[in-house]
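A.B. asks: structure for this input, please:
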Amino acid sequence: MSDDLDGWGGADFVLAADRLDTPDVIEAADPADMLRQVASAAAQVRTALRSCAETDLSAFAPDARPRAIVVAGMGGSGLAGEMLNAMTGLSSPVQVVISQAERLPGWVGAADAVIAVSCSGTTPETLAMAAEAARRGCRLAAVGTEGSPLHRIAEQARAAFVPVVPAGLSRSMLWALAIPLLVIADRLGVTRIGPDVYELAASRLEEVSRQCRPASESFVNPGKSLALDLVGTLPVVWGTSVLSGVAARRFASQLNENAKYPAIAGALPEAAHNQVAAFDGPFAPRSSRLSAPSRQEQGRQEQGRQEPGRQEPGSSLTSPDDMADIGGLADWDLDYEETGQASGFTALRLVLIADPGENQRVGAQRAAVTELAGQRGVGMSELAMDGEHPLVRLAGVIQLTDYASVYLAIASGIDPGQTVAITDLQARIE
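C.D. replies: This next block holds a predicted model:
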């Protein structure tokens, strides 16, 4: 199989599946051992809980709730903040804000708590926000590598610091970063989780890891199966609640970093107002494309062609000749077929992450989206969240999609651990 993904055919797909079912190929294709790093998730939960127990978090107590909790972090660290936001819910008495910039919002002050999160403890934007929080007199906590610049800022500010023991690349350390945030929020009375729920979440992570282990063949391995669903497609990942929306953004991010795939993340109901419009575009194999004009519109178009320069008020340029004159579109072939994938365009693949906690209206939207995707020829994979507590539901689907993103890289002949573009960009701006 060639390294590029143009023109995936049946033989290419079979070869991709063969890659995932050959242990020697998997091992050789994963030199950074990303699969092992994904499998460490349950251990991260338990280690992070021990680190929190050994850290002085007395500054965070229910009788001293802050006005807001601001999570300062980039990439996976920011996603840990989104997990906290989803856990607290809309009824939370304390607002949770994720700040992914070099400065804190102007309103943040002494009445607020800032949690700076960086796995390496060296992220420039996070360091800047942590230092600014200390200057403004915010209640500060930090999560990162011991002995790092972030650790030094916390020490100087006499702030709580929860150490993280890096077990791989930062993108694989989500649970080590997220658990301290949840523990702090629990101490403030903003969430209700408790030891039993954390252990249930760790057990769910272990369960999914067993199902997705490299030795398990693709027809019984949900991680490999999902990866093969996405081979050669343009993934669109939607959640059906705030909680599953976080899982959707995590999956899209992991597809970017591990599989080097572009991916679109969204959540219902918002996605029903904008992203669903892509089902009428060239990336949907059987999209409606441009709807046929009405007889009245056809008459206006014919009259316009007979009388050059004349256009009815409120009418638009909709004829093929008119379209070809706009913005150089004469170079585009707009004569799409109504069936079959348009040549040169990668087909969309919709991944719906269904949360049993979704509201009734979103449930109806999900059913309608399923029908619409089928009509438009858009392939679909539906992932059902399972578990009584939101943290357990989130753990299961995030672990599955983390595995799928690594398996997709391996199936595509790509090293999931390499980050050449990211390091190249950083070198150009430093």
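A.B. asks: look up how far residue 65 lies from the closest residue to residue 61 other than its chain neighbours.
C.D. replies: Spatial nearest neighbour of residue 61, excluding adjacent residues (CB to CB, 6 or more residues apart in numbering): residue 187 at 6.3 Å. Heads up, the C-betas are built off the backbone N, CA and C, glycines and all. As judged by CB to CB, to the nearest Å, residue 187 and residue 65 stand 10 Å apart.
A.B. asks: any idea how far residue 236 is from the residue nearest to residue 61?
C.D. replies: For residue 187, the distance to residue 236 (CB to CB) stands at 38 Å.
A.B. asks: any idea of the pLDDT on the closest residue to residue 147 other than its chain neighbours?
C.D. replies: Nearest residue to residue 147, sequence neighbours excluded (CB to CB, 6+ apart): residue 121, at 7.8 Å. pLDDT for residue 121: 94.
A.B. asks: gap between residue 121 and residue 132?
C.D. replies: Counting by CB to CB, the separation of residue 121 from residue 132 is 17 Å.
A.B. asks: try residue 54
C.D. replies: Separation of residue 54 from residue 132 (CB to CB): 28 Å.
A.B. asks: for residue 197, same thing?
C.D. replies: 34 Å.
A.B. asks: cool, and residue 47?
C.D. replies: Noted for residue 47: a distance of 30 Å to residue 132, by CB to CB.
A.B. asks: now do the same contact list for the nearest residue to residue 361 once chain neighbours are set aside.
C.D. replies: Closest residue to residue 361 apart from its sequence neighbours, by CB to CB, 6+ apart: residue 269 at 6.9 Å. Applying CB atoms under 8 Å, 6 or more residues apart in numbering, we find residue 269 in contact with 361, 362, 365.
A.B. asks: quick revisit: so for residue 121 and residue 132, which residue has more residues nearby?
C.D. replies: Neighbours of residue 121 and residue 132, each counted by other CB atoms under 10 Å, are more numerous for residue 121; the result is 27 against 18.
A.B. asks: how far away is the nearest residue to residue 20 once chain neighbours are set aside from residue 406?
C.D. replies: With CB to CB, 6+ apart as the measure, residue 224 is the residue that lies nearest to residue 20, at 4.7 Å, once sequence neighbours are left out. Applying CB to CB, the value for residue 224 to residue 406 is 10 Å.
A.B. asks: next one: residue 131
C.D. replies: From residue 131 over to residue 406 the distance is 35 Å, taken as CB to CB.
A.B. asks: more neighbours, those two?
C.D. replies: With neighbours defined as other CB under 10 Å, residue 131 and residue 406 compare such that residue 406 has more, 27 against 17.
A.B. asks: how far does the helix or strand the more buried one falls within sit from its chain's centre?
C.D. replies: Assigned by DSSP states H and E, residue 406 belongs to helix 390-411. Put simply, helix 390-411 sits 11 Å off its chain's centre (CA atoms, centre = their mean, to the nearest Å).
A.B. asks: stretch 85-99 now?
C.D. replies: Offset of stretch 85-99 from its chain centre (CA atoms, centre = their mean): 19 Å.
A.B. asks: just the CA coordinates for it, please, in PDB.
C.D. replies: Provided in PDB are the C-alpha atoms of stretch 85-99 (Å, rounded to 0.1, in the frame of the first residue of the first chain):
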ATOM      1  CA  ASN A  85     -16.900  21.300  32.800                       C
ATOM      2  CA  ALA A  86     -18.900  18.400  31.600                       C
ATOM      3  CA  MET A  87     -18.800  16.800  35.000                       C
ATOM      4  CA  THR A  88     -20.000  19.900  36.800                       C
ATOM      5  CA  GLY A  89     -23.000  20.400  34.500                       C
ATOM      6  CA  LEU A  90     -25.200  23.400  33.800                       C
ATOM      7  CA  SER A  91     -26.500  23.500  37.400                       C
ATOM      8  CA  SER A  92     -23.100  24.000  38.900                       C
ATOM      9  CA  PRO A  93     -22.900  27.000  41.300                       C
ATOM     10  CA  VAL A  94     -19.300  27.600  40.100                       C
ATOM     11  CA  GLN A  95     -18.600  28.500  36.500                       C
ATOM     12  CA  VAL A  96     -15.800  26.400  34.800                       C
ATOM     13  CA  VAL A  97     -13.800  28.300  32.100                       C
ATOM     14  CA  ILE A  98     -11.100  26.800  29.800                       C
ATOM     15  CA  SER A  99      -8.500  29.400  28.900                       C
END
